[in-house]
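Trainee: would you be able to build a 3D model of this:
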Amino acid sequence: MKFKFGLKYQHMLGLVLLISFLYFVSCSTHHLNSRKTHITITSGQTGLITNLIQKAIDSCAANGGGTVRFPAGTYVTGGIQLRSNVTLQLDKGAILQGSDKYSDYKNDAFIYGKDLSNIAILL
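Mentor: Predicted coordinates:
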């Protein structure tokens, strides 16, 4: 049996596979961040909070790693750069919403990084 998917569904399938992979990786590496820096981003903030999120990620990385936690709520951001030894934890009901302005993204990516190790996105 052969399946043929349109381009829209191929992108959705790729996204589902990426999320599944990140979930698997996060389950296997989460314990490595258990004794590091923990920063919670406050929900209910208005406007673009890219700089706040990036400072939290950078602070965790500078202190040897840790977790940036997002409680339930909507967080509008441009591109953010993930760092080694940092976990992004999205609690149930937390939404990272991408900005609608192209100029808010570096490297044409929502979340990006290079040569990283021990990273996770927990959903």
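Trainee: show me where this structure has helices.
Mentor: Remark: helices assigned in the chain by DSSP state H are 7-29, 50-62.
Trainee: hey, least reliable of the ones you listed by pLDDT?
Mentor: When the helices of the chain are ranked by mean pLDDT, helix 7-29 comes last with a mean of 48.
Trainee: for the protein, give me the ranges with low pLDDT.
Mentor: Within the chain, the segments meeting pLDDT under 70 span 1-35.
Trainee: and the strands in it?
Mentor: Along the chain, the segments classed as strands by DSSP state E run 37-40, 66-70, 73-77, 80-81, 86-90, 94-98, 111-112, 120-122.
Trainee: quick one: contacts of the third one?
Mentor: By Cβ atoms under 8 Å, 6 or more residues apart in numbering, the residues outside strand 73-77 that reach it are 41, 43-45, 47-50, 53, 93-99, 104. For glycine as for every other residue, the C-beta is placed from the backbone atoms N, C-alpha and C.
Trainee: and the angle from that strand to strand 86-90?
Mentor: 130 degrees (axes from the mean of the first three to the mean of the last three Cα atoms, to 10 degrees).
Trainee: can I get the CA coordinates of strand 73-77 in CSV?
Mentor: The C-alpha trace of strand 73-77 is given here as CSV (Å, rounded to 0.1, in the frame of the first residue of the first chain):
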residue,chain,number,x,y,z
GLY,A,73,0.0,31.1,29.5
THR,A,74,1.0,32.6,26.1
TYR,A,75,4.5,33.9,25.6
VAL,A,76,5.1,35.9,22.4
THR,A,77,8.7,35.7,21.2
